[in-house]
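# Provided below for reference: sequence and predicted model.
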Amino acid sequence: MQRLLRAMLSGTGFRNLTIFSDSERAGTAMLSDPPDLILMEWENQPYDGSSFLKLIRNQNMFPLCLVPVIMMFSEPRKKRVERALKLGAHAVIAKPISPIQLLARIRWVMSGGLKLKLVGERYVIEGIEERLTVEQERHDQLSRARAYQESQFAEMTSIQNDVDELLQSAF
């Protein structure tokens, strides 16, 4: 995957790429020379995406705590994606991803659209908690609407069946 990412990014004009095989080595190196962007796999070792984001988003990791992070997922399950966003990932992507999509996501993140804010001792994406809460409420409302719709259709079908039976017995 690392060779594939290097080839994809090199082909789009990125030249100064540093790729690490494990998150511990990456973290140590980034403290000496903070990158402009971190592109990381959620399932990395020895620190997974959750542990890594908790570590680098701490204000004591300045200036590394302010570096944009794009988290990659082999299996982008809703809870894990939400966790990554709540912990400070600027974006998430699902693998496999095309070079065009990857470059578009990198450019979007680097354009500075999402800002970090300090909450307690950690930096988080400004407004992400609220956006996720609104999205969850919307999802819950739609689920309730679907359940109501199903119950109403079932009731209408039952009434129609009763009417059909009455009409058939009358003839």
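That came through fine.
# okay, CA-based contacts and neighbour counts for the rest of this
Will do.
# for the record, mean pLDDT for stretch 32-43?
For stretch 32-43, mean pLDDT is 85.
# how about the CA coordinates for it, as CSV?
Backbone C-alpha positions of stretch 32-43 (Å, rounded to 0.1, in the frame of the first residue of the first chain) are rendered in CSV as follows:
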residue,chain,number,x,y,z
SER,A,32,11.8,16.7,14.4
ASP,A,33,10.3,17.8,11.1
PRO,A,34,6.5,18.3,11.1
PRO,A,35,5.0,17.5,7.8
ASP,A,36,2.4,19.6,5.9
LEU,A,37,0.0,16.7,5.9
ILE,A,38,-0.4,13.2,7.5
LEU,A,39,-2.0,10.5,5.4
MET,A,40,-2.5,7.5,7.7
GLU,A,41,-4.1,4.1,7.7
TRP,A,42,-6.6,3.6,10.6
GLU,A,43,-5.4,0.1,11.2
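# Tell me the spacing between residue 104 and residue 33.
To residue 33, residue 104 is 25 Å away according to C-alpha to C-alpha, to the nearest Å.
# Same question for residue 92.
Per C-alpha to C-alpha, residue 92 is found 24 Å from residue 33.
# between these two, who's got more neighbours?
Per other C-alpha atoms under 10 Å, whichever of residue 92 and residue 33 has more neighbours is residue 92, with 21 against 10.
# Excluding chain neighbours, what is closest to that one?
Nearest residue to residue 92, sequence neighbours excluded (C-alpha to C-alpha, 6 or more residues apart in numbering): residue 71, at 4.7 Å.
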